[in-house]
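**Q** Need the 3D shape of this:
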Amino acid sequence: MSLTETTEQEKRRSRTVVWVVTLATIGLMFDGYDLVIYGTVVPIFLKDPTQIGEVTPVIAGTLGSYALVGVLVGALLAGSVGDILGRRKVMLFAYAWFSIGMALTALTTTTTLFGIMRFLTGLGVGALVATTGALVAEIAPPGKKNLCNAITYSGVPAGSLLAALAAILLEESIGWRGMFFIGALPIITLLPLAYLKMPESVSWLVARGQVDKARAISERTGVPMPEAPTDAQKAAKTDKVGFAGLFSRSYWLPTVLMGFMSATGLVLVYSLNTWLPELMGRAGFNAKGSLSFLLVLNGGAIIGALGGSRFADRFGPKPVVASCFLIGAASITLLTVNLPLALLLAIVAVVGLGTSGTQTLIYGFVANYYPTRMRGAGVAWCAGFGRLGGVAGPLLGGFLIAAGLQLNSIFYVLAAVAVLGLILCLLVPAANRPKDIHSTLIEPTVPIGSSATVDAPTS
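**A** Model prediction:
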C-alpha cells in the first residue's frame with residue numbers, strides 16, 4: 001500500500017471514529033437524561049394527584065425502580081442479540097425504542113401505565129448501554145480504545161447534568177410531560193444520523209463469516225480488516241460465543257468478578273447521586289449549596305474519567321481502575337474532615353472521579369478484556385448485572401440514614417464499598433487473547449491489565 005493510500009485510509013478511519021464516538025456519546029447522554037429526569041418530576045407527582053393519580057413516597061420509589069429493572073433486562077438481552085445480529089442493528093433499534101418509550105410515557109395518565117412505560121423504556125436504554133461499549137472498542141484505533149470508551153460513557157453523567165439544567169430552566173413552562181417529550185428527540189435527530197454514519201463493526205462481520213461485507217465497510221470507513229488467521233486461530237472458531245463464552249471454563253471467574261465489581265461501582269454512583277444533597281444538607285448547607293455538590297460530583301466524574309482513560313491506554317485499564325477505587329475510598333473518607341468550602345468542593349470532584357469516573361473506566365476495561373465473539377455479552381453483563389448495584393445504591397443510603405447513623409459513619413460505609421471494589425478489581429486475572437481471530441487488529445500478546453498497553457500495533 002502506498003503512502004498516499006495509507007494516509008487516505010487513516011483519514012477515513014479518523015472520520016469514522018469521530019462520527020461513531022460522537023453519536024454513541026449523544027446516545028448515552030439520553031441514558032443519563034432518562035435516569036435523572038424522573039427524579040426531577042417526582043415532586044410534581046407527590047403534590048398533584050391529577051397528573052397520573054395519587055403517588056405516595058413508596059409508590060414513587062417503586063416507579064423509579066421500574067426503569068432500572070428494565071435497563072438490567074434490556075442489557076442482558078442485548079448482550080446475546082448484539083453478538084448474533086450485530087452492534088449497529090441493536091443500537092439503531094435501541095434509539096427508536098427508548099425514544100418511543102419516552103414519548104408514550106409523556107402521554108400516560110395512570111401510575112400503572114407510567115410504571116409499565118418506565119420499564120419498557122428501560123429495555124431500550126439497557127440495550128444501548130450494553131452494545132455501545134462493544135462497538136466503540138472495535139472501531140477505536142489502537143492506543144485510544146479506553147479514551148474513546150471514556151468519552152462515550154461520560155455521556156451518562158453529562159446527560160444527568162443536562163436533565164437537571166433542563167428541569168431548572170424548562171419544567172415550569174413545559175411541564176413534566178414536555179420533559180419526557182425531550183427524551184424522545186433521538187428518533188428524529190440521532191437515529192437518522194446514526195443510520196447514515198454509524199457502520200457495523202468490521203471485526204464482528206469477520207467473526208460471523210461475512211468477509212465480503214466486512215471488506216466493503218473497511219474500504220469505506222478506513223477501519224482495517226483483521227489479519228489472516230493462523231491454524232491455532234482457526235481452531236478457536238469453535239469457541240463459545242456470547243454469554244456461553246462468558247461462563248466457559250476460561251472466563252467464568254473474571255466474568256463473576258467484573259460483574260460484582262461493576263455492581264459495587266454502581267452502588268457508589270447511585271447512592272451518592274441520590275443522597276449526597278441530603279447528606280450535605282445535614283452537614284449544614286442550604287438547598288442550592290447541597291445541589292452544587294451534585295454538579296461538582298458529576299463534573300469531576302467526566303474530567304477524571306477522560307484523564308484516567310489516557311493512563312488506561314498506556315498502562316492497561318486494570319491498574320487504573322484499581323487506583324480510581326482507591327482514590328474514591330480515600331476521598332470519601334476525607335469528607336468526614338472539617339474543611340473549607342473550596343477544598344471540600346475539590347474533594348467532592350475527586351470523589352466523582354473515584355465513583356462515577358471509575359464506573360466509566362470499568363466499561364472500557366470490560367470492553368477490551370473479552371474477544372469479539374463475546375465482547376457484546378461482556379459489556380452487557382457489566383451493564384446489566386451491575387445495574388443491581390444501581391438498584392441497591394439508593395436503598396443503601398436510605399437504610400443508613402433511617403438507621404440513624406451519623407454523617408461520618410455513612411461516609412465510612414461508602415468508603416468501605418469502594419475498598420471492596422478495589423479488591424474485586426485486583427482479583428480479576430489477566431487475559432491473554434492471542435488466539436482470537438475476531439479482533440479488528442492483531443491481538444495483543446501482553447495480558448490486559450498489565451503494565452503494557454492492551455492495544456496491538458496496526459497491520
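**Q** alpha carbons only for contacts and neighbour counts from here, please
**A** Fine.
**Q** helix or strand right after the helix or strand bottoming out on mean pLDDT in the chain?
**A** Among the helices and strands of the chain, helix 231-235 carries the lowest confidence by mean pLDDT, DSSP states H and E, at a mean of 44. Beyond helix 231-235 in the direction of the C-terminus, DSSP states H and E gives the next helix or strand as helix 242-246.
**Q** And the contacts of that following helix?
**A** 79-80, 83, 239, 251-252, 255, 373-378 (Cα atoms under 8 Å, 6 or more residues apart in numbering).
**Q** Spatially, which two of these are the most separated?
**A** Using Cα to Cα, the two most remote members of those are 83 and 252, lying 17.8 Å apart.
**Q** which one of these two has more residues nearby?
**A** More crowded of residue 83 and residue 252, by other Cα atoms under 10 Å: residue 83, with 25 against 15.
**Q** longest helix anywhere in this structure?
**A** Longest helix in the chain, counting residues (DSSP state H): helix 3-47.
**Q** Which strands or helices does that one pack on?
**A** For helix 3-47, the packing partners by 3 or more Cα pairs under 8 Å, 6 or more residues apart in numbering; DSSP states H and E come out as helix 57-85, helix 111-139, helix 145-153, helix 155-182, helix 190-197, helix 211-221.
**Q** can you pull the buried residues of the first one?
**A** The neighbour-count criterion (16 or more other Cα atoms under 10 Å) identifies 60, 63-84 as the buried residues of helix 57-85.
**Q** returning to that earlier point: a markdown table please, covering the contacts of helix 242-246 and showing pLDDT and distance to residue 386.
**A** Formatted as a markdown table, these follow (pLDDT from 0 to 100; distance: Cα to Cα, whole Å):
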| residue | pLDDT | distance to residue 386 |
| --- | --- | --- |
| 79 | 74 | 13 |
| 80 | 72 | 17 |
| 83 | 75 | 19 |
| 239 | 60 | 26 |
| 251 | 89 | 17 |
| 252 | 91 | 16 |
| 255 | 93 | 11 |
| 373 | 77 | 21 |
| 374 | 82 | 17 |
| 375 | 82 | 16 |
| 376 | 79 | 15 |
| 377 | 83 | 13 |
| 378 | 86 | 11 |
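**Q** any idea how far residue 430 is from the residue nearest to the spatial centre of the chain?
**A** Central residue of the chain (Cα atoms, centre = their mean): residue 153, 4.9 Å from the mean position. Residue 153 sits 23 Å away from residue 430 when distances are taken as Cα to Cα, to the nearest Å.
**Q** try residue 161
**A** Taking Cα to Cα as the measure, residue 161 falls 35 Å from residue 430.
**Q** Looking at these two, which has the bigger crowd around it?
**A** Neighbour count, other Cα under 10 Å: between residue 161 and residue 430, residue 161 has more, with 22 against 15.
**Q** Name the spans of the stretch 101-250 of the chain whose pLDDT lies under the cut-off.
**A** 227-239 (pLDDT under 70).
**Q** just the stretch 301-450 of the chain next, same as before
**A** Scanning the stretch 301-450 of the chain with the threshold set as pLDDT under 70 gives 431-450.
**Q** Now do the helices in it.
**A** Assigned by DSSP state H, counting those that start in this stretch, the stretch 301-450 of the chain shows helices spanning 317-334, 341-352, 358-369, 372-402, 407-427.
**Q** With adjacent residues omitted, what lies nearest to residue 53?
**A** In this structure, residue 53 finds its nearest non-sequential neighbour in residue 110, 5.6 Å apart by Cα to Cα, 6 or more residues apart in numbering.
**Q** Revised request: answer the last question for residue 303.
**A** Per Cα to Cα, 6+ apart, closest to residue 303 is residue 353, 7.6 Å.
**Q** That neighbour against residue 301, yeah?
**A** Yes. Counting by Cα atoms under 8 Å, residue 301 is a contact partner of residue 353 at 4.3 Å.
**Q** and residue 308, what does it touch?
**A** Neighbouring residues of residue 308 by Cα under 8 Å, 6+ apart: 320, 361.
**Q** Residue 149 is in contact with residue 366, isn't it?
**A** No. Under the criterion of Cα under 8 Å, residue 149 makes no contact with residue 366, lying 10.4 Å away.
**Q** Of these two, which one has the most company?
**A** residue 149 (31 against 27).
**Q** if I look at the more buried one, how far off is residue 292?
**A** 27 Å.
**Q** Equivalent analysis for residue 96, please.
**A** For residue 96, the distance to residue 292 (Cα to Cα) stands at 34 Å.
**Q** which of the two has more neighbours?
**A** Neighbours were counted for residue 96 and for residue 292 using other Cα under 10 Å; residue 96 has more, 18 against 15.
**Q** quick one, what contacts the more buried one?
**A** Contacts of residue 96 (Cα under 8 Å, 6+ apart): 186, 187, 191.
**Q** Any chance of those in CSV with neighbour count and distance to residue 280 as columns?
**A** Formatted as CSV, these follow (neighbours: other Cα atoms under 10 Å; distance: Cα to Cα, whole Å):
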residue, neighbour count, distance to residue 280
186, 21, 35
187, 19, 38
191, 22, 40
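**Q** State the number of residues packed around residue 249.
**A** By the other Cα under 10 Å criterion, the neighbourhood of residue 249 contains 9 residues.
**Q** show me what contacts it?
**A** Contacts of residue 249 (Cα under 8 Å, 6+ apart): none.
**Q** Determine the three-state secondary structure at it.
**A** Secondary structure assignment for residue 249 (DSSP: H, G, I helix; E, B strand; the rest coil): coil.
**Q** State the distance from it to residue 379.
**A** 19 Å.
**Q** so residue 393 sits right up against residue 268, yeah?
**A** Yes. Proximity of residue 393 to residue 268 meets the contact threshold set by Cα under 8 Å, at 6.4 Å.
**Q** more neighbours, these two?
**A** Neighbour count, other Cα under 10 Å: between residue 393 and residue 268, residue 268 has more, with 31 against 26.
**Q** Enumerate the positions of the helix or strand harbouring the more buried one that are buried.
**A** Per DSSP H and E, residue 268 falls inside helix 252-282. Under the neighbour-count criterion of 16+ other Cα under 10 Å, helix 252-282 has 253-281 buried.
**Q** separation between residue 31 and residue 123?
**A** From residue 31 to residue 123 the distance is 11 Å (Cα to Cα).
**Q** what do you get for residue 155?
**A** Distance from residue 155 to residue 123, by Cα to Cα: 18 Å.
**Q** Repeat that for residue 173.
**A** With the distance defined as Cα to Cα, residue 173 ends up 29 Å from residue 123.
**Q** Compare the two and say which is more crowded by neighbours.
**A** Taking neighbours as other Cα under 10 Å, residue 173 and residue 123 compare with residue 123 leading, 27 against 10.
**Q** got a list of what the more buried one touches?
**A** Counted by Cα under 8 Å, 6+ apart, residue 123 has contacts 67, 70, 71, 72, 73, 74, 75, 98.
**Q** Next one: the first one from residue 86, what distance?
**A** As judged by Cα to Cα, residue 67 and residue 86 stand 25 Å apart.
**Q** same thing with the fourth one?
**A** Between residue 72 and residue 86 the computed distance is 20 Å (Cα to Cα).
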